[in-house]
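1. With the sequence up front, the predicted model follows.
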Amino acid sequence: MQKIEIYTLGYCPFCQKAKMFFDEKNIKYTEIHCDDDEETKRKELTEKFKLPSLATFPQIVVDDINIGGYSDLIEKYNSKQIVFD
């Protein structure tokens, strides 16, 4: 089973969509709420995953590999670049 983390903001519609994607497929994930210090978290995620620009939300991490946001998740899932067991 993969280790899935989703960095989220409470007001973010794409964060909700990402969680719904996993919930509908009964895929377990850990949600990390970033509302308390959004700007610091953006900078930390940007540095941690060596992103080319400031991190957006959600950030989805599978087995310690950042796969990006909701659109990236759907694109990689539909093209079978990522498979969930």
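-> Right, received. Where do you want to start?
2. Run through the chain and note the low-pLDDT ranges.
-> For the chain, no stretch is flagged by pLDDT under 70.
3. All the helices of it, residue numbers only.
-> 13-24, 38-48, 70-78 (DSSP state H).
4. and these as CSV, adding distance to V62 and mean neighbour count?
-> (C-beta placed from N, C-alpha, C; glycine too.) Listed next are the helices of the chain as CSV, based on distance: least, CB to CB, whole Å; neighbours: other CB atoms under 10 Å:
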stretch, distance to V62, mean neighbour count
helix 13-24, 11, 16
helix 38-48, 15, 14
helix 70-78, 9, 15
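5. can you redo the ones you listed as a markdown table with distance to V61?
-> Formatted as a markdown table, those follow (distance: least, CB to CB, whole Å):
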| stretch | distance to V61 |
| --- | --- |
| helix 13-24 | 11 |
| helix 38-48 | 9 |
| helix 70-78 | 11 |
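6. So which of these is nearest I4?
-> Smallest distance to I4 across these (CB to CB): 6.9 Å, for helix 13-24.
7. which residues sit against the closest one?
-> 4, 6, 8-9, 28-29, 31, 57-58, 60, 69-71, 73-74, 77 (CB atoms under 8 Å, 6 or more residues apart in numbering).
8. One more: stretch 36-55?
-> By CB under 8 Å, 6+ apart, stretch 36-55 touches 7, 9, 34, 56, 59, 61, 66.
9. Quick check: closest non-adjacent residue to G10.
-> Among residues not flanking G10 along the chain, D35 sits closest, at 5.1 Å (CB to CB, 6 or more residues apart in numbering).
10. I'd like the distance between that neighbour and Y11.
-> Note on D35: its distance to Y11, by CB to CB, to the nearest Å, is 8 Å.
11. Sitting in strands, which of the contacts of stretch 36-55 do you find?
-> 7, 59, 61, 66 (DSSP state E).
12. Can you name the residues bridging to the first one?
-> Read that as Y7. For Y7, the beta-bridge partners are I32, Q59 (DSSP bridges).
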